[in-house]
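Trainee: Sequence below, structure please.
(chains A, B and C)
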Amino acid sequence: MMDFAFALIAFLLLASAATAMALRNIIHSALLLVVSWFALALFYLWAGAEFAAFAQILIYAGAISMVVLFAVLLTQRTPGNFILIPESRRRALAAVLAGAAVAAAIAYAILNASFPVGSTPAPAVTVRELGIQLMGPQAAALLVVGAILTVALVGAVVIAAQPEKLQREDPL
Amino acid sequence: MFGSGLLQGLAVTAKNFVGSFHDPKRMVTTEYPEQKTKLPEAYRNFPFLVAETAEDPMGTLRCVACQICEKECPPQCIYIEKSKDKKPDATGKMQIYPTVFDIDTSVCMSCQICVEVCPFDAIEMDQVFEIATADRFNGLMLRKEQLTKPNSYFHEIHPNDAREIDARLAADRKAAEEKARAAAAAKAAAPPKPSAPPP
Amino acid sequence: MTPTTDSFLERAPLLLRDWISGFFPAALRGVINDLIAILTILAVFGTLFAFLTLAERKILGRIQNRPGPNRTGPFGLLQPFADGIKMLTKEDIVPRAADQLLHFLAPVALVAFSLLTFAVIPYGRHLVPVDLDAGVLYFFAASASTELAVFMAGWASHNKYSLLAAMRALAQLISYELPLLLSIVPVVLAAGSLSPSGIVAAQGAWTLDVLPHWYVFTPWGFAGFVIFLVSALAESNRSPFDLPEAESELVAGHLTEYSGFKYALFFMAEYFGMCALSSLGVTLFLGGWQAPCAFLEFIPSYAWFGAKLLGLLLGFIWIRATLPRLRMDQLMRFAWKFLVPLSLANLGVAALWRLGAGWSEPLQLVRWAMAIAILATAFFLLGRKLSSGFGPRVYRYAPS
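Mentor: Model prediction:
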């Protein structure tokens, strides 16, 4: 039963990610990527990490998907129209070789790693436990992440606010 | 303070809401067709023919089929046929009367020119607007029977005009009576004329 | 499972559910119980949606000095059914250049995610459909997913104006997500739990049996409640934040190309979102299904929840009737420059409050005074900053 659920979630995740890569229409690809993030949240739920699952949906599907879609829409001149230039076909072989190499390396690493199968069941990590860990032993990491996010936000605001000096005061 | 305007606005709408249940000033809707608003006196829609009495409207029409309104009507929506005989009108004088008087309300533009030119105050503007019909041509053609309404009705819808016209007509009638009486008296008082002139 | 000390009215829904699932074999009872919960939520909130539209039109009418719909049925009570029939019989027009799949999926996804949010709210003492430990987080995860559907609707219509309006709607939704979440954090802080039933249970006591310990009666709770209400109005695209879907703005915004039943689904999703956020507000700030005084506990808990929910919804309608629509830049400025700093200040005050929970009696007054002083100062200063720079209007005329 557990294996069937895991297989289903894995199939959904991989299928949506693969279809996202294969489609021409970039908006469809972005939306399928969002579906794969939902599948990842389902995986977290299957593994018993409720908090991670809901945080994944809230942050990825709720906010990062918006960032991706805005970026796609603001940078594409004609979204949805793709033309296949001749060089792409030559590069396809190089892409397949590189992808196969990466897949082989990861597969080797996963298959040869020994995951210890414990006899005791995994501890149920509650939100309270997570909070205590974040505020105690991992507080430094939390502060560093917060500082990085603040720097990124301020940098984005500074970059976006630059063209202001080009707007002249309307004399009227 | 930030937000004080919002709170004042909320108080105003609350007052409106509560007042709409008991204060007529705060519920100004007239629920047509159960209630109707009072129309202004000068409101006009389509013309009607004035009859002096309500008991015999067809016999006491003021209209004498002079056809002035038919000729003056800009969209030519009035159709009149004169009678061959004469009937006594309200003052007893023998007048011709209209046998057919049709107004095509799908054409009439309520300009009131027919009322202005009528020398007999026989045609006045009515105020009915609920004459919608499913019959596109015949239903909108008003015949003499539908157009005739008594003078009492005219008093109801245009009291000032009706009073003025009645006063004028009464004064005219009185002046005509005086003149007739004076002529009869003069005739009676004058010495008899020699019957046969000398050859 | 049902304690027998509760009154009959209190246990009545559970007894009914057990009676219905008694017809099924024991193995299926759990599934049947969940199915009954789902059907009940759909039925109750569907009916609430229908009569809420009528109540809104009548109340809006009365406030605007007119009676509202009163021709269909007595007092217009059949108006929602007339509207439903109208929506169902309208022609479903989809533009030929539109993305057919996304155009179809957008209202479906919107309604689905809006309905998902109803699953974690405690409607009564024993009436939680799913008792999750991280229930509040689940609620916000589900309502964040509705924003995707808004984008899908705007994009799939293949209409520049729809896309523009969808972008504006998204910007509004994301901006007001932050004050919404930040106003919830003090409640979680005070209750010590993310589970809605835990939060309701934490508001259960009364002082002197008449003053309830609801969070709205604390300084940070009151400020948090106000911020929550404003953000909830903005999150469900309700007036005065209904720029994305108003008729005078880009026609109907991202809903322009939708007609008939799909439009009805969008409409329904908006009302469901409003009901869900109001339910959450009742749960987090107004004590959920708790009665306000100890001696009023004989009225069943779901009745209290319903009464508080209706009160909030009527408040939303009142606000809609009163306030004019906010412009996009006014909206964004309000969210980022006023609500976010205020909710951060609120968080600080809530933390201080929690620190002073164990203080002695005279220091309790100091606790209240400090909290109110900090919040009032923050509100006052932020208010001045927000409305600064707007002086009396200067008129310049052409030189004669």
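Trainee: show me where pLDDT drops low in chain A?
Mentor: Applying pLDDT under 70 to chain A picks out residues A:1, A:76-84, A:122, A:162-172.
Trainee: can you give me the helices for it?
Mentor: Using DSSP state H, the helices found in chain A span residues A:2-22, A:26-46, A:50-56, A:65-75, A:86-112, A:127-135, A:139-161.
Trainee: Over to chain B?
Mentor: According to DSSP H, the helices that chain B contains are B:4-19, B:68-72, B:113-117, B:144-147, B:151-157, B:159-189.
Trainee: before we move on, the earlier item: now the helices of chain A in TSV, with distance to residue B:166?
Mentor: For glycine as for every other residue, the C-beta is placed from the backbone atoms N, C-alpha and C. As requested, the helices of chain A are exported to TSV (distance: least, C-beta to C-beta, whole Å):
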stretch	distance to residue B:166
helix A:2-22	90
helix A:26-46	81
helix A:50-56	87
helix A:65-75	79
helix A:86-112	99
helix A:127-135	93
helix A:139-161	83
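Trainee: if we compare these, which one ends up closest to residue C:172?
Mentor: In terms of C-beta to C-beta, the element of the helices of chain A nearest to residue C:172 is helix A:65-75, at 11.7 Å.
Trainee: send the alpha carbons of that closest one over as PDB?
Mentor: Output of helix A:65-75 as PDB, limited to C-alpha atoms (Å, rounded to 0.1, in the frame of the first residue of the first chain):
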ATOM      1  CA  SER A  65       5.000  30.200  -9.300                       C
ATOM      2  CA  MET A  66       4.000  33.900  -9.500                       C
ATOM      3  CA  VAL A  67       7.600  35.000  -9.800                       C
ATOM      4  CA  VAL A  68       8.200  32.400 -12.600                       C
ATOM      5  CA  LEU A  69       5.100  33.400 -14.500                       C
ATOM      6  CA  PHE A  70       5.800  37.100 -14.200                       C
ATOM      7  CA  ALA A  71       9.400  36.500 -15.400                       C
ATOM      8  CA  VAL A  72       8.200  34.500 -18.300                       C
ATOM      9  CA  LEU A  73       5.600  37.000 -19.300                       C
ATOM     10  CA  LEU A  74       7.800  40.000 -19.000                       C
ATOM     11  CA  THR A  75      10.700  38.600 -20.900                       C
END
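Trainee: Report the buried residues of that helix.
Mentor: A:65-66, A:68-69, A:73 (16 or more other C-beta atoms under 10 Å in any protein chain shown).
Trainee: gap between residue C:349 and chain B?
Mentor: 18 Å (C-beta to the nearest C-beta, to the nearest Å).
Trainee: quick check, distance from whichever strand or helix holds that residue to the centre of its chain.
Mentor: Here residue C:349 sits within helix C:340-355, counting by DSSP states H and E. Mean-position distance between helix C:340-355 and its chain equals 22 Å (C-alpha atoms, centre = their mean, to the nearest Å).
Trainee: quick one: contacts of it?
Mentor: The contact list for helix C:340-355 (C-beta atoms under 8 Å, 6 or more residues apart in numbering or on different chains) reads C:178-179, C:182-183, C:185-186, C:189-190, C:218-220, C:223-224, C:227, C:367, C:370-371, C:374-375, C:378-379, C:382.
Trainee: Make a ChimeraX selection of whichever of those turn out to be buried.
Mentor: Listed next is the ChimeraX selection for buried residues among the contacts of helix C:340-355, using 16+ other C-beta under 10 Å:
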select /C:178,179,182,183,185,186,190,218,219,220,223,224,227,367,370,371,374,375,378,379,382
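Trainee: Identify those among the contacts of helix C:340-355 that sit within helices.
Mentor: Per DSSP H, the subset of these in helices is C:178-179, C:182-183, C:185-186, C:189-190, C:219-220, C:223-224, C:227, C:367, C:370-371, C:374-375, C:378-379, C:382.
Trainee: Chain C contacts on chain B?
Mentor: B:1-3, B:6, B:9-10, B:12-14, B:16-17, B:20-21, B:26-29, B:31 (C-beta under 8 Å from any C-beta of the partner chain).
Trainee: if you skip the residues just before and after it, what's nearest to the residue in chain C positioned nearest to chain A?
Mentor: Chain A sits closest to residue C:144 of chain C, with a gap of 2.7 Å, by C-beta to the nearest C-beta. The shortest distance from residue C:144 to any non-neighbouring residue, by C-beta to C-beta, 6 or more residues apart in numbering or on different chains, is to residue A:62 (2.7 Å).
Trainee: Touching, the one you found and residue C:142? I think so.
Mentor: No. Residue A:62 is beyond contact range of residue C:142, at 9.6 Å (criterion: C-beta atoms under 8 Å).
Trainee: Could I get the pLDDT score of residue C:349?
Mentor: Residue C:349 is assigned a predicted lDDT (pLDDT) of 94.
Trainee: Next: residue C:172.
Mentor: What the model reports for residue C:172 is a pLDDT of 91.
Trainee: Contact partners for it?
Mentor: Residue C:172 makes contacts with C:234, C:237, C:241, C:243-244, C:328, C:331-332, as judged by C-beta under 8 Å, 6+ apart.
Trainee: and the nearest residue to residue B:43 once chain neighbours are set aside, how many residues sit next to it?
Mentor: Distances taken as C-beta to C-beta, 6+ apart place residue B:127 nearest to residue B:43, at 5.4 Å, with adjacent residues excluded. Other residues within reach of residue B:127, judged by other C-beta atoms under 10 Å in any protein chain shown, total 16.
Trainee: tell me the contacts of residue B:127?
Mentor: Counted by C-beta under 8 Å, 6+ apart, residue B:127 has contacts B:39, B:43-45, B:157.
Trainee: And it, what's its pLDDT?
Mentor: On the pLDDT scale, residue B:127 is placed at 92.
Trainee: so how far is residue B:46 from the residue of chain A found nearest chain C?
Mentor: Relative to chain C, the nearest point of chain A is residue A:62 (2.7 Å; C-beta to the nearest C-beta). According to C-beta to C-beta, to the nearest Å, residue A:62 and residue B:46 sit 65 Å apart.
Trainee: Looking at those two, which one has more neighbours?
Mentor: Ranked by neighbour count (other C-beta under 10 Å), residue A:62 and residue B:46 place residue A:62 first, with 23 against 20.
Trainee: any idea how far the more buried one is from chain B?
Mentor: Residue A:62 is 30 Å from chain B, where distance means C-beta to the nearest C-beta.
Trainee: again, but for residue A:38
Mentor: Residue A:38 is 40 Å from chain B, by C-beta to the nearest C-beta.
Trainee: Now do the strand or helix carrying residue C:111: distance to the chain's middle.
Mentor: Taking DSSP H and E as the criterion, residue C:111 maps to helix C:100-116. Offset of helix C:100-116 from its chain centre (C-alpha atoms, centre = their mean): 19 Å.
Trainee: Check stretch C:180-188 too.
Mentor: Mean-position distance between stretch C:180-188 and its chain equals 14 Å (C-alpha atoms, centre = their mean).
Trainee: do it and chain A meet?
Mentor: No. Contact of stretch C:180-188 with chain A (C-beta under 8 Å from any C-beta) is absent, the minimum separation being 8.7 Å.
Trainee: Please list the residues outside that stretch that contact it.
Mentor: So stretch C:180-188 is in contact with C:136, C:140, C:194, C:199, C:215, C:220-221, C:223-225, C:227-228, C:231-232, C:235, C:284-285, C:340, C:343-344, C:346-347, C:349-351, going by C-beta under 8 Å, 6+ apart.
Trainee: Look up the closest residue to residue 29, ignoring the ones flanking it.
Mentor: Unless you meant another one, I'm taking chain A. Distances taken as C-beta to C-beta, 6+ apart place residue A:20 nearest to residue A:29, at 4.5 Å, with adjacent residues excluded.
Trainee: The intended chain is chain C.
Mentor: With sequence-adjacent residues excluded and distances taken as C-beta to C-beta, 6+ apart, residue C:29 is closest to residue C:21, at 5.0 Å.
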